[in-house]
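Colleague: fold the following for me, if possible:
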Amino acid sequence: VLLLHELPGLSRKTLAYAEELSQDFTVYVPLLFGSTPMHSTPRGLAAFWLNGEWWGLESGTSDIVKWLGALVTEIERTHPGQSIGVIGNCLTGSLPLALLDNRQIHAVVLAQPTLPLTIFDNSEDVRKSLGISRGEITKAQDSSAKILYLRFQADCISKPEKQETLRTEFPAERFPGRVTMKEIPGSASLGERVHSTLIGEWSDAEPGKPSRDAREEVKRFLRDPEQFVSTSKQ
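Modeller: Model (predicted):
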């Protein structure tokens, strides 16, 4: 499993989630920017806008996607014949789709995707965009990998229009069973400003239960994406 960290960085919570996943899978957690452990949205934003590796995501020319593709190839060499799952979160939420030209990837999790990151543009096109290129979406369509999409219903950062884009790009009549949509209901115990389905909102206490359940579903999905049925599929 390739676990991609969120905009604030490779945090202690991300590493704890990787350790949890490692009970069932071999887990790779690349450091995409900054240091570890790190949890800083300003530093993450600076890395995204100032580091040239992230430029060109929507044109399909970004170095970060090429680097991740090379990493997936290295994982494939290290584990020949084994299936690979990729989990994206927040900033990296839609990037697993851009890696689906590798046929060893059998399952991808798109957790609250936020690309493209903009400050002043909240147009319909931006809200609908997955932040990757047309060519990468086409390659994803040609793949047989299953897709699990996660989002809090109350999330104001990852726009609900992105779900409609995914439905449009992977219509059920053309891609039966390819995409599972899961929206986690809002919870007063979690508060109103929820975003991070698998990492940020999780805790050992009861307020983290929705994320606890989501983590269990992700594990079931990665183990057997062909037979996976969400307990609350949208």
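
Colleague: list the contacts of the closest residue in space to residue 53 that isn't next to it in sequence.
Modeller: Distances taken as C-beta to C-beta, 6 or more residues apart in numbering put residue 63 closest to residue 53, at 4.2 Å, once the chain neighbours are dropped. Backbone N, C-alpha and C define where each C-beta goes, glycine included. The contact partners of residue 63, taken as C-beta atoms under 8 Å, 6 or more residues apart in numbering, are 52, 53, 54, 55, 56.

Colleague: one more: residue 40?
Modeller: Taking C-beta under 8 Å, 6+ apart as the contact definition, residue 40 lies against 8, 9, 34.

Colleague: what's around the first one, how many residues?
Modeller: The local packing of residue 8 (other C-beta atoms under 10 Å) involves 22 other residues.

Colleague: so where do the strands sit in this protein?
Modeller: With DSSP state E as the definition, the chain shows strands at residue ranges 2-3, 84-89, 105-111, 146-152, 179-184.

Colleague: of all those strands, which one is nearest residue 77?
Modeller: Each of these was scored for nearness to residue 77 using C-beta to C-beta, and the closest is strand 84-89 (11.4 Å).

Colleague: bridge partners for the residue nearest the centre of the chain, pull those for me.
Modeller: Centre of the chain computed as the mean C-alpha position; nearest residue by C-alpha atoms, centre = their mean is residue 88, 2.2 Å away. Note on residue 88: beta-bridge partners by DSSP bridges are residue 110.

Colleague: ok so, going back, make a PyMOL selection of the buried ones in the contacts of residue 63.
Modeller: For the buried members of these, the matching PyMOL selection, counting by 16 or more other C-beta atoms under 10 Å, is:
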select buried, resi 54
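
Colleague: of the contacts of residue 63, closest to residue 81?
Modeller: Distance from residue 81 was checked for each of these by C-beta to C-beta. The minimum falls on residue 53, at 30.8 Å.

Colleague: you'd agree the closest one is up against residue 65?
Modeller: No. With contact taken as C-beta atoms under 8 Å, residue 53 and residue 65 are classed as non-touching, separated by 9.3 Å.

Colleague: out of the strands of the chain, flag the one nearest residue 13.
Modeller: With C-beta to C-beta as the criterion, residue 13 lies closest to strand 84-89 of the strands of the chain, at 10.5 Å.

Colleague: show me what contacts residue 231?
Modeller: Taking C-beta under 8 Å, 6+ apart as the criterion, residue 231 is in contact with 213, 217.

Colleague: where does pLDDT dip in the chain?
Modeller: Across the chain, the stretches falling below the confidence threshold (pLDDT under 70) are 186-192, 203-208, 232-234.

Colleague: how about the helices in it?
Modeller: Using DSSP state H, the helices of the chain run over residues 12-21, 41-50, 63-78, 124-128, 134-142, 161-169, 209-223.

Colleague: for the longest one, which positions count as buried?
Modeller: So the one you mean is helix 63-78. For helix 63-78, burial by neighbour count (16+ other C-beta under 10 Å) applies to 64, 65, 68, 72, 75, 76.

Colleague: now do the same contact list for residue 166.
Modeller: Residue 166 makes contact with 110, 130, 147, 149, 179, 181, according to C-beta under 8 Å, 6+ apart.

Colleague: which phi and psi does the closest residue in space to residue 60 that isn't next to it in sequence have?
Modeller: The shortest distance from residue 60 to any residue that is not its chain neighbour, by C-beta to C-beta, 6+ apart, is 3.2 Å, and that residue is residue 133. Here the main-chain torsion angles of residue 133 (degrees, to the nearest 10) amount to phi -80, psi 160.

Colleague: list the contacts for residue 133?
Modeller: 57, 58, 59, 60, 98.
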